[in-house]
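Student: Got a sequence here, can you build the structure:
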Amino acid sequence: MPSQTEAPSQTETRRHDGTPRLLDAGEAALVAEFGTIVDPAISDRVLALEDALAADSLPGILETVPTYRSLMIHYDPLMLDRETLAGHVRGLTGGAIRRAAAPARWVLPCCYDAPHGEDLAAVAELIGRTPAQVAALHQGGTYRVYMYGFAPGFAYLGGLPEPLAVKRRPSPRPPHPTNAVMVGGGLAAVATVPMPTGWYVLGATPSKLYAPERVESFFVRPGDEIRFEAIDAASYAGLAAREAAGERVARREEASR
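Tutor: Numbering: from 1, shown residues only. Next up, the predicted model:
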């Protein structure tokens, strides 16, 4: 698998006054950078700015792309000049800004049994635990969706319990199925398409995080929370059939923040 994002070092810094550093990305994109670490407060500022820009509907903004620590703002320079956009961003971030809506918490069923948890034993050996303890650690975490990347609907999830923060494999292995639930490099993820990977597959969820046939192709948003709920292989088969028939089997709850 090509290199994927890993959690940046926690020893770096963030901007304490909450104002972003503005960086040009070519002639038609501006990056508002709020810090250099993976931090929920930084992520909240990034997403609040995205919400504020969407609410303002400033002519000339084409797209916004949130990451762990920054928001890339693509704009049409024939409609909106750089200084006007920069001034607008400074105005929006000069005071307290909040998300437009409360985040959601999604509960995804997850089967850790064979054949889905193909790397459960390998991770257990790496960290000196039993496979059952690895599964319990994983489903005990509350994961924050920081950003999309690499593939459609592929969400990078922070909040992985520390014992599971294993490095990714030294080399990728053959493609795994869609909906594989994975860990690697201090992060968690759910595969949305079959692909080679250096991540460790702990299980699988019948819930599709990406489904182009749905009106809402991605139902999980940056800033949302995810937790995993263990199910057995028979339950997985039944829920996968319901998902294939068009039902969304993930449950939505109110997030804790």
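Student: Could you use CA atoms for every contact and neighbour count after this?
Tutor: Will do.
Student: Just want to check the distance between the closest residue to Cys110 other than its chain neighbours and Pro66.
Tutor: Residue nearest to Cys110 in three dimensions, not counting chain neighbours: Thr205, with 4.4 Å by CA to CA, 6 or more residues apart in numbering. Relative to Pro66, Thr205 is positioned 25 Å away (CA to CA, to the nearest Å).
Student: Look at the two and report which has more neighbours.
Tutor: Thr205 (27 against 21; other CA atoms under 10 Å).
Student: which residues sit in contact with that one?
Tutor: Residues near Thr205 by CA atoms under 8 Å, 6 or more residues apart in numbering: Leu108, Pro109, Cys110, Cys111, Asn179, Ala180, Val181, Tyr236.
Student: Now for the last one, how many residues are close by?
Tutor: Neighbourhood size, Tyr236 [other CA under 10 Å]: 22.
Student: So for the host helix or strand of it, mean pLDDT?
Tutor: Using DSSP states H and E, Tyr236 sits in helix 233-244. With pLDDT averaged residue by residue, helix 233-244 scores 96.
Student: Excluding its own residues, what touches that helix? List them.
Tutor: Pro109, Cys110, Cys111, Asp113, Ala114, Thr205, Pro206, Ser207, Lys208, Arg248, Val249.
Student: and the next element down the chain from it?
Tutor: That would be, after helix 233-244 and using DSSP H and E, strand 251-254.
Student: Which elements pack onto that following strand?
Tutor: Strand 251-254 makes packing contacts with strand 104-111 when contacts are defined by 3 or more CA pairs under 8 Å, 6 or more residues apart in numbering; DSSP states H and E.
Student: Convert the C-alpha atoms of stretch 179-198 to CSV, please.
Tutor: C-alpha atoms of stretch 179-198 as CSV (Å, rounded to 0.1, in the frame of the first residue of the first chain):
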residue,chain,number,x,y,z
ASN,A,179,-15.1,-3.2,5.6
ALA,A,180,-12.0,-4.6,7.3
VAL,A,181,-11.4,-3.0,10.7
MET,A,182,-7.7,-2.2,11.1
VAL,A,183,-5.1,-0.6,13.3
GLY,A,184,-1.6,0.6,12.5
GLY,A,185,0.8,3.5,13.1
GLY,A,186,-1.2,4.7,16.2
LEU,A,187,-4.5,5.0,14.2
ALA,A,188,-7.6,2.9,13.6
ALA,A,189,-9.5,2.7,10.3
VAL,A,190,-12.2,0.9,8.4
ALA,A,191,-11.4,-0.1,4.8
THR,A,192,-13.9,1.2,2.3
VAL,A,193,-12.5,-0.6,-0.8
PRO,A,194,-10.3,-3.7,-1.2
MET,A,195,-6.7,-2.8,-1.2
PRO,A,196,-3.2,-4.0,-0.2
THR,A,197,-2.3,-2.9,3.3
GLY,A,198,0.4,-2.6,5.9
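Student: Now do the buried residues in that stretch.
Tutor: 179-193, 195, 197-198 (16 or more other CA atoms under 10 Å).
Student: can you list the weak-confidence ranges in the protein?
Tutor: 1-17, 254-257 (pLDDT under 70).
Student: Please parse it into its domains.
Tutor: 21-93, 104-254 (automatic domain parsing).
Student: ranges for the helices of this protein?
Tutor: 40-56, 82-93, 120-127, 131-139, 233-244 (DSSP state H).
Student: The ones you listed: which one's closest to Val215?
Tutor: Smallest distance to Val215 across those (CA to CA): 14.5 Å, for helix 233-244.
Student: before we move on, back to that, determine which two of the contacts of helix 233-244 are furthest apart.
Tutor: Ala114 and Arg248 (23.5 Å).
Student: check contacts around Arg221.
Tutor: Val145.
Student: And the one 3 residues further on, by the same measure?
Tutor: With contacts defined as CA under 8 Å, 6+ apart, the neighbours of Asp224 are Pro103, Ala104, Arg105, Trp106, Arg144, Val145, Ala255.
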